[in-house]
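Participant: sequence and predicted model, in that order:
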Amino acid sequence: MNTIARTDSHTIRAACPHDCPDTCAMRVTVEDGRVTRVEGDPDHPPTAGVLCTKVSRYAERTYHPERVLHPLKRVGPKGSGQWERVSWDAALTDIAGRLGSIAARGAERILPYSYAGTMGKLQGESISARLFHALGASQLDDTICASAGSDALAATYGGKLGMHLGDFAHAGLILIWGSNSVASNLHFWRLAQDAKRNGATLVCIDPRRTETAEKCHRHIALRPGTDGALALALMHEIFANGWADTAYLEAHVNGWEALRERALGWTPERAAAECGLEAGQIRELAQMYAHTRPAAIRLNYGMQRVAGGGNAVRLIALLPCVTGAWRERGGGMLLSASGWFAGVVNAQALERPDLMPSPAPRVINMTTVGDALLQSGSEDAGPPIEAVVVYNSNPVAIAPDSGKVVAGFRREDLFTVVLEHFLTDTADLADYVLPATTQLEHLDVHTSYGHTWVLLNEPAIAPLGESRPNNAIFRDLAARMGFTDPLFAESDEELLRTAMDSSPVSLDELRATGWVRAPVPELPFADGGFHTPDGKAIVDSPLYGVPDHVPNRECATTDPALAARYPLAMISPPARHFLNSSFVNVKSLRSIEGEPLVEIHPEDAAVRGISEGMRVRVFNDRGSYTCRAEVGARARPGVVNALGVWWRKLNADGSGVNDLTSQALTDIGRGATFYDCLVEVEAL
Ligand SMILES: Nc1nc2c(c(=O)[nH]1)N[C@H]1C(S)=C(S)[C@@H](COP(=O)(O)OP(=O)(O)OC[C@H]3O[C@@H](n4cnc5c(=O)[nH]c(N)nc54)[C@H](O)[C@@H]3O)O[C@H]1N2
Ligand SMILES: Nc1nc2c(c(=O)[nH]1)N[C@H]1C(S)=C(S)[C@@H](COP(=O)(O)OP(=O)(O)OC[C@H]3O[C@@H](n4cnc5c(=O)[nH]c(N)nc54)[C@H](O)[C@@H]3O)O[C@H]1N2
Ligand code: SF4
Ligand SMILES: [Mo]
């Protein structure tokens, strides 16, 4: 029987769709056709029955009175909030016609813009990608979050590979590096607690005194963007004192001598000056890391959102080679586990990049969408962008340098279609808003970047109102644009079979249990075997050379004149009860977060006449952000923390933290540099 037609009380197996390394298995209780409870699956090992506060409120988000439940067409000027309810038929006929006539002049004038609003393989990118590939639309370079770290891992180990999540429980030392795990990686944090109970030492390396930092044994509060220098100084100590595992290096790391040579130039004193730390702290950390076994590193993407993010990830990723930590259960490092899913869920078969014309259409970097829409940056090769189709993302809130992003989306000559659950900052500037289903209303399959299970998400309820899964919308649009090949009409069930066709994970088992572990070796790199051509880790990359510390673009070392005008470094890590800009409109969660705020150290506050709770203006040459000051020790001197990402329209003056951030890119991976940002703060 079709589960969504049932009227009795029953439970559905589902998966959390959000961009979070934990990818929880969920149990959804449905009573009389309505979801009454969303809980963590107690049997799924990483989830262990627990969801975070945000997703425990998923039903509140799904039944939110402000859900967009029928297609909307703009009737007033852009951004005026004047909408007319239209039928699906009218909306899609008009959209197909508009996109078709733009494509007739050159399909690169159309830009699809999507990210990880859902991490589902089916609703994330399948029929959409097929359509835009076949059309020859501009390609989107998906750099907004993780590309510096991803490309750095690929350049070091040949892929996004790391320790098993469960093995952190066996560690004797865990460096939690650029990760507020309590907020953003809760199920790792549980294992770190297990390790702690068994005597492990936890060290947090983060400029901010986060919820995580205050629960660790040590907090190394370095300046933003100086992680590469710290990693080099740790290696300095390990090599200089003869603590390196030269047997491991010799057997499994190409060119390790070049790494030693580079590290020997980074004394703890030199790094301490760069990082804003004491040399003694670095010596002590090096000693701990070299001598505590097993030693694990949980790196997260927070530390790679700076000019030198890629180099820093390469250096930190090599630390377990230098000490041979990979040899032991509980030793090694994890940034992303997604490389383990190659061949497990077939994304190529879903997205069909082979449908693209030759030569391939131009690539637009999603991080510099502001410049791309205004043709104001370096990314202006080719014709102007005349249409944007946004799904699974809220660029007006989350992309850097909002002043330009907003101006771009406000262009009267730009045709914008947004598939959404809510009237977000981006939907507000659309010509059409099309209602999409949530995870409770559609089928999907998930991999994870923090563990190694594949999960199935069965729909629990029928789509609310007139909402439709992304795929249903793109199937209908493709047909109206004349794409009649059956591959544009594959149902979600067929897509699921396509994705799992040649997988080592059985679809039948997945349907029966809801989650299946991908085949990953137990101690993957105990004896080398990295995913590089010769199985050895790489120091001297043909693309990027030997890794080094690359300072922030916006700091006193690189740009003293700028630092004189804007002396405070701003980072904008996620607020615990939001997920990027998702959940900001869920009242119960927003009331926990309060209002947009910036944390500032008491010394920095005092010289500016700022006291606790005061309204302040944070500003630089790109823009300004108005929020409340929180004076205290969460911020280190010289650094302010503006937690994100609030909806612009929920702030009194409509400003957002990304009014301040820059479109400059990382050293590796063309990624965003949200945390490489100088500002000044003044009382209002
Ligand atoms: N609750 C919640 N969970 C989330 C998210 C969310 O928005 N809210 N976002 C999700 C997403 S999209 C991602 S990509 C993942 C990972 O998302 P991340 O953005 O990595 O999330 P955090 O774990 O908060 O890590 C950021 C941490 O890095 C610190 N940091 C900033 N700059 C530096 C630096 O230069 N060096 C070092 N060492 N630390 C620095 C910040 O203070 C913060 O504590 O989390 C996901 N989980
Ligand atoms: N200043 C600053 N900016 C940041 C960051 C930061 O740390 N600081 N973090 C950056 C990072 S790491 C990331 S990953 C990006 C994230 O940026 P985005 O990927 O844009 O993530 P969200 O803001 O969560 O927006 C996702 C949107 O997708 C919608 N959505 C969810 N599911 C579906 C679906 O099935 N169909 C459709 N059509 N829509 C759906 C949601 O309603 C939501 O509005 O933000 C980046 N921006
Ligand atoms: S957001 Fe992360 S921790 Fe929360 S339910 Fe989803 S996967 Fe689990
Ligand atoms: Mo992200």
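Facilitator: Cool, got the structure. Ligands and ions are numbered 1, 2, ... in the order given.
Participant: when you work out contacts or count neighbours from here on, use the C-alpha atoms and nothing else.
Facilitator: Fine.
Participant: pretty sure residue 12 is in a helix, no?
Facilitator: No: under DSSP: H, G, I helix; E, B strand; the rest coil, residue 12 falls outside any helix and is assigned strand.
Participant: next SSE downstream of the least confident helix or strand in the chain by mean pLDDT?
Facilitator: Every helix and strand of the chain was ranked by mean pLDDT, DSSP states H and E. The lowest is helix 587-593, at a mean of 90. Heading C-terminal from helix 587-593, the first helix or strand you meet, by DSSP states H and E, is strand 597-600.
Participant: and that next one, which strands flank it?
Facilitator: Take DSSP bridges as the rule and strand 597-600 pairs in its sheet with strand 624-631 (parallel), strand 639-642 (antiparallel).
Participant: among the ones you listed, which comes closest to residue 4?
Facilitator: Among those, the nearest to residue 4 by C-alpha to C-alpha is strand 639-642 (42.0 Å).
Participant: now the angle between strand 624-631 and the next helix or strand after the closest one, please.
Facilitator: Sequence-wise, the next helix or strand downstream of strand 639-642 (DSSP H and E) is strand 678-683. Here strand 678-683 points in a direction 70 degrees away from that of strand 624-631 (axes from the mean of the first three to the mean of the last three C-alpha atoms, to 10 degrees).
Participant: strand 678-683 pairs with which strands, and in what direction?
Facilitator: When DSSP bridges is applied, strand 678-683 pairs with strand 568-571 (antiparallel), strand 615-619 (antiparallel).
Participant: out of those strands, nearest to residue 677?
Facilitator: Nearest to residue 677, of all those, is strand 568-571, at 5.5 Å by C-alpha to C-alpha.
Participant: for that closest one, what does the pLDDT average out to?
Facilitator: For strand 568-571, mean pLDDT rounds to 98.
Participant: that strand near ligand 2 at all?
Facilitator: No: judged by C-alpha under 6 Å from any ligand atom, strand 568-571 and ligand 2 are separated, with a smallest distance of 7.4 Å.
Participant: put the alpha carbons of that strand into PDB.
Facilitator: Presented in PDB, the C-alpha positions along strand 568-571 are these (Å, rounded to 0.1, in the frame of the first residue of the first chain):
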ATOM      1  CA  LEU A 568      39.000  44.000  13.500                       C
ATOM      2  CA  ALA A 569      38.900  40.600  11.800                       C
ATOM      3  CA  MET A 570      35.400  39.300  11.500                       C
ATOM      4  CA  ILE A 571      34.300  35.700  11.300                       C
END
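Participant: follow-up on the earlier one: which of the strands paired with strand 597-600 sits most buried?
Facilitator: strand 639-642 (a mean of 26; mean count of other C-alpha atoms under 10 Å).
Participant: so the residue nearest to the spatial centre of the chain versus residue 642, what's the distance?
Facilitator: Centroid check for the chain by C-alpha atoms, centre = their mean gives residue 145 as the closest residue, at 4.2 Å. Distance from residue 145 to residue 642, counting by C-alpha to C-alpha, to the nearest Å: 17 Å.
Participant: what's the helix or strand for residue 122?
Facilitator: Counting by DSSP H and E, residue 122 is part of helix 121-124.
Participant: can you tell me what sits against that helix?
Facilitator: Residues from elsewhere that reach helix 121-124, judged by C-alpha atoms under 8 Å, 6 or more residues apart in numbering: 115-118, 347, 350, 392, 443-447, 469-471, 492, 495-496.
Participant: would you mind listing what in the protein touches ligand 1?
Facilitator: Selection of the chain residues close to ligand 1 by C-alpha under 6 Å from any ligand atom yields 19-20, 145, 177-181, 183-184, 205-208, 210, 224-225, 227, 300-303, 571, 573-580, 675.
Participant: I'd like to know which of those residues are part of helices.
Facilitator: 181, 183-184, 227 (DSSP state H).
Participant: may I ask which two of these are separated the most?
Facilitator: Using C-alpha to C-alpha, those span at most 21.0 Å, a distance reached by 183 and 227.
Participant: tell me which of those two has more neighbours.
Facilitator: Each of residue 183 and residue 227 has its neighbours counted (other C-alpha atoms under 10 Å); residue 227 has more, 30 against 20.
Participant: who touches stretch 463-470?
Facilitator: Applying C-alpha under 8 Å, 6+ apart, the contact partners of stretch 463-470 are 68-71, 123-124, 128, 391, 419, 434-438, 441-442.
Participant: wait, I meant stretch 11-25
Facilitator: Contacts of stretch 11-25 (C-alpha under 8 Å, 6+ apart): 26-30, 40-41, 44, 46-47, 51, 55, 116-120, 184-188, 336, 439-440, 446-451, 455-460, 514-515, 579.
Participant: for the residue lying closest to residue 511 once chain neighbours are set aside, give me the pLDDT.
Facilitator: Distances taken as C-alpha to C-alpha, 6 or more residues apart in numbering place residue 456 nearest to residue 511, at 6.9 Å, with adjacent residues excluded. At residue 456, the model reports a pLDDT of 98.
Participant: before we move on, what about residue 465?
Facilitator: In this prediction residue 465 is given a pLDDT of 98.
Participant: what's the neighbour count on it?
Facilitator: Neighbours around residue 465, by other C-alpha under 10 Å: 12.
Participant: before we move on, what about residue 70?
Facilitator: When neighbours are counted by other C-alpha under 10 Å, residue 70 registers 19.
Participant: wait, residue 680 sits on residue 622?
Facilitator: No: with contact defined as C-alpha atoms under 8 Å, residue 680 and residue 622 do not form a contacting pair (11.8 Å).
Participant: of those two, who's got more company?
Facilitator: residue 680 (20 against 15).
Participant: mind checking the SS state of the nearest residue to residue 339 once chain neighbours are set aside?
Facilitator: In this structure, residue 339 finds its nearest non-sequential neighbour in residue 160, 4.4 Å apart by C-alpha to C-alpha, 6+ apart. At residue 160 the chain is in coil, as set by three-state DSSP.
Participant: quick one, what contacts residue 160?
Facilitator: Residue 160 neighbours (C-alpha under 8 Å, 6+ apart): 150, 153-154, 335-340.
Participant: so of those residues, which ones are in helices?
Facilitator: Using DSSP H, these in helices are 150, 153-154.
Participant: what is the nearest of the residues you listed to ligand 3?
Facilitator: Set against ligand 3, the nearest of the ones in helices among the contacts of residue 160 by C-alpha to the nearest ligand atom is residue 150 (19.7 Å).
Participant: which residues touch the closest one?
Facilitator: 159-160, 336, 669.
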